[in-house]
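>>> Give me a 3D structure for the following:
(chains A and B)
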Protein chains: 2
Amino acid sequence: MSKPFSFQLFNTDGHARRGELITSHGNAQTPAFMPVGTQATVKGLMPDDVHATGAEIVLGNTYHLMLRPGAEQIAALGGLHKFMNWPLPILTDSGGFQVMSLSELRQIDERGVTFRSHLDGAMVALSPERAIEIQGLLGADISMQLDECLKLPASPDEIARAMQLSLRWAERSKRAFEDRAKQGYALFGIVQGGDDLALRVESARALTGMDFQGYAIGGLAVGEPQKVMLKIVAETTPALPAERPRYLMGVGTPHDLIEGVKRGIDMFDCVLPTRNGRHGMAFTRFGPINLANARHANDPRPLDEESAHPAARTYSRAYLHHLTKANEILGAVLLSTSNLAYYQILMAGMREAIAAGRFADFQAATEAGWAQGDLQPI
Amino acid sequence: MSKPFSFQLFNTDGHARRGELITSHGNAQTPAFMPVGTQATVKGLMPDDVHATGAEIVLGNTYHLMLRPGAEQIAALGGLHKFMNWPLPILTDSGGFQVMSLSELRQIDERGVTFRSHLDGAMVALSPERAIEIQGLLGADISMQLDECLKLPASPDEIARAMQLSLRWAERSKRAFEDRAKQGYALFGIVQGGDDLALRVESARALTGMDFQGYAIGGLAVGEPQKVMLKIVAETTPALPAERPRYLMGVGTPHDLIEGVKRGIDMFDCVLPTRNGRHGMAFTRFGPINLANARHANDPRPLDEESAHPAARTYSRAYLHHLTKANEILGAVLLSTSNLAYYQILMAGMREAIAAGRFADFQAATEAGWAQGDLQPI
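Here you go, the predicted model:
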């Protein structure tokens, strides 16, 4: 391993932070948005095109990869970086979230979780130790502990029980990760506690005591209002050590990203830019644009003629409308690409603003652009 | 218009020909394979990636584009080159073939064809004059006459009637094209005559008398055995003028391309490389490979480590198998790209061989590669 994992914090502006993740597969500037490579592919994009959007780190899904093609198969083929031809940093989740959202018939107990595969119905067991083993087989630069992720709303007792279980699983994950930690890889703990601020702080402090190399806030963006999510983030980040990266899992919209960074978040991942792109929706400086709408049919304007990315400035809205209506693969590809590029442009803008001490101005200008809408000539 | 259409013939080797199409949007080396951009997109590929496979000219489908988004709409947006962001030569078909294969309730009479759109059920009329008008609105470098394309087998009377009708439509197409001919664009006539060699020769001679800028052989690859198709090609090309390009429409497999070139064909188009790519099939130097097959699941070899194109030499068969089984867009994209690249590599190989006077050797070596199969280490 050429470089052990580390995190450098360069600037702060209010609670917003500008930094860098350093891994043996390269560095990633923070605040960072990680495109989701669910099944060893960021849906629709060649790896070079993912990188060309500005992405420096992607996320891989343990749940999907353990079921197909299998962690041992990927290891035998040289690991996930080689398998998907992405030589840059990879963070893998632990599988816990997808077990909750995709599989039926799951049973959770102290040992771990047993679930029925959504692919072939086979019963599969996932423990904290196995989740670490799988992520090691994949070769993740950053691994995540297994946690129990509840849907909100949930009862206070349920939330407390799941949070405590996740803490015990955090300890087991950390022990299981010892060998990889010595090799310089990173393991992040995950703060749970639902919408209970006291439990969130308790979880954050307990995890900090275990000394992870980064801390995620999990169990959010699972149905609660944005206001609730942001309040929990704002209360949790001060309970985490300043010198370690903070990752808000599964978030979010462009507005969520700005509000998250404002509250001290360094890393995000979300399927929105690619999923919505596949459904004809573009994220732009002028807010979201639904290309399926007939009003775009004769519009020669690109999505954003000043975009730094050719996918956003080359093709007319009329063409993107046509591809969307005709259900052409290229429509999904171009909009996914353009959306990922917009997310990266947004992150780069935030990083620059934090470094210059003008994050609040950047947020105001960005929100004014979204409010303007896309109807006027640009 | 910077350059009027012309064709240059550089070399021959037996009946095989090495030449160049010259258009105002650039040149294309022949023998040429034209990827099919049915709905203003070569399915799954960005235009730059189409060009990176080696393609210098693509085909657009009049039938699809007239129905959606509409020829007038594309003209208002600056024409098909601009609409689909493909600045190089475009050939459009006349719509006749798709009317036959895709629409229901069609009526053919002397004036033209009326059919029900497969999209919205509207009745649409297409005459030789309207087909020329549409292709002019699209801005095609090469337009095709409207013809009647029969399915084989058909009765001798039917074949003769359709051939004669196509000849009368050829004359009307040529008259309708006069203005665009003066602007330097090209119109090709289409030889019909089913599997009747005498009718084919009669059609070819009559069209030659009308002096088109190129000649297509239509109504093949519609169900007849390859042997029948090749016999018709072999009998037809000698009845066409040597100084004009010859285009075998809708063909074909790699073997069809070699056998077509051997019989004097200069241009081809076919959906096979992209359609089969979307279904997990790779065309390679070692013959076709079905990536859905479980035997590829752990195969670390690329499709062809010596390929000139990265799509074929970068990704493991195990990864392509995984993407195919997981029904990931990237599987369709990578295999379509790799297949188009293989087709272009094959065409480039034929051009080089013709220029060097060793076409027969090239064919023998290529067929030996296909016969070898993909099981051995490469």
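>>> hey, where'd the strands end up in the stretch 101-250 of chain A?
A:104-109, A:112-116, A:123-126, A:142-144, A:186-191, A:214-217, A:246-248 (DSSP state E, counting those that start in this stretch).
>>> So which helix or strand of chain A has the lowest pLDDT on average?
strand A:104-109 (a mean of 84; mean pLDDT, DSSP states H and E).
>>> What is that strand packed up against?
Other elements packing on strand A:104-109 under the criterion 3 or more C-beta pairs under 8 Å, 6 or more residues apart in numbering or on different chains; DSSP states H and E are strand A:112-116. C-beta here means a position set from N, CA and C on the backbone, and glycine is covered the same way.
>>> Please name the strands paired to the strand it packs on in the sheet, noting orientation.
Looking at strand A:112-116 with DSSP bridges, its partner strands are strand A:104-109 (antiparallel), strand A:123-126 (antiparallel).
>>> quick one, phi psi at the closest residue to A:L165 other than its chain neighbours?
Spatial nearest neighbour of A:L165, chain neighbours left out: A:E148 (5.3 Å); criterion: C-beta to C-beta, 6 or more residues apart in numbering or on different chains. Main-chain dihedrals, A:E148, degrees, to the nearest 10: phi -100, psi 120.
>>> Kindly report the same for A:G70.
Dihedral angles for A:G70 - degrees, to the nearest 10 - are phi 110, psi 140.
>>> Please report how far it lies from chain B.
As judged by C-beta to the nearest C-beta, to the nearest Å, A:G70 and chain B stand 9 Å apart.
>>> again, but for A:E352
For A:E352 relative to chain B (C-beta to the nearest C-beta), the value is 29 Å.
>>> Please report the number of neighbouring residues for that residue.
Applying other C-beta atoms under 10 Å in any protein chain shown, we find 13 residues neighbouring A:E352.
>>> Assign a three-state SS to the residue nearest the centre of chain A, would you?
Central residue of chain A (C-alpha atoms, centre = their mean): A:D269, 1.2 Å from the mean position. The three-state label given to A:D269 by DSSP: H, G, I helix; E, B strand; the rest coil is strand.
>>> Would you confirm that it contacts A:M34?
Yes - in this structure A:D269 lies within contact range of A:M34 using C-beta atoms under 8 Å: 4.2 Å.
>>> can you list residues touching both of these two?
A:L59, A:L91 (C-beta atoms under 8 Å, 6 or more residues apart in numbering or on different chains).
>>> after the longest helix belonging to chain A, next one along is what?
Determined from DSSP state H, the single longest helix within chain A is helix A:329-355. Next helix or strand after helix A:329-355 toward the C-terminus (DSSP states H and E): helix A:359-372.
>>> Any chance of the strands of the stretch 101-250 of chain A in TSV with distance to B:Y319 as columns?
As requested, the strands of the stretch 101-250 of chain A are exported to TSV (distance: least, C-beta to C-beta, whole Å):
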stretch	distance to B:Y319
strand A:104-109	29
strand A:112-116	26
strand A:123-126	23
strand A:142-144	22
strand A:186-191	26
strand A:214-217	28
strand A:246-248	27
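>>> Minimum distance to A:R313: which of the ones you listed has it?
Closest approach to A:R313 among the strands of the stretch 101-250 of chain A (C-beta to C-beta): strand A:246-248, 29.8 Å.
>>> chain center to that closest one: distance?
Relative to its chain's centre, strand A:246-248 lies at 9 Å (C-alpha atoms, centre = their mean, to the nearest Å).
>>> Then stretch A:74-87?
20 Å.
>>> in it, what counts as buried?
By neighbour count on 16 or more other C-beta atoms under 10 Å in any protein chain shown, the buried set for stretch A:74-87 is A:I74, A:A75, A:L77, A:G79, A:L80, A:H81, A:F83, A:M84, A:N85, A:W86.
>>> Please list which of the residues you listed also come close to chain B.
Residues of the buried residues of stretch A:74-87 in contact with chain B (C-beta under 8 Å from any C-beta of the partner chain): A:L77, A:F83, A:M84, A:N85.
>>> The last one: what's it in contact with?
The one in question is A:N85. Here A:N85 is in contact with A:P47, B:T314, B:Y315, B:Y319 (C-beta under 8 Å, 6+ apart).
>>> Including secondary structure, could the residues you listed go into CSV?
Converted to CSV, the contacts of A:N85 look like this (three-state DSSP):
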residue, secondary structure
A:P47, helix
B:T314, helix
B:Y315, coil
B:Y319, helix
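>>> so which two of those residues are the farthest from each other?
Pairwise across the contacts of A:N85, and taking C-beta to C-beta, the largest span is found between A:P47 and B:Y319, at 10.8 Å.
>>> Which one's more surrounded, those two?
Each of A:P47 and B:Y319 has its neighbours counted (other C-beta under 10 Å); B:Y319 has more, 27 against 21.
>>> Contact partners for that one?
So B:Y319 contacts A:A40, A:L77, A:F83, A:M84, A:N85 (C-beta under 8 Å, 6+ apart).
>>> Now, those residues that are in helices?
Those of these lying in helices (DSSP H): A:F83.
>>> Name the nearest residue to the closest residue to chain B within the stretch 51-200 of chain A, ignoring sequence neighbours.
Minimum separation of the stretch 51-200 of chain A from chain B (C-beta to the nearest C-beta) falls at A:P69, amounting to 4.7 Å. Using C-beta to C-beta, 6+ apart and skipping the chain neighbours, the partner closest in space to A:P69 is B:H322 (4.7 Å).
>>> Doesn't the one you found lie inside a strand?
No - using three-state DSSP, the assignment for B:H322 is helix, not a strand.
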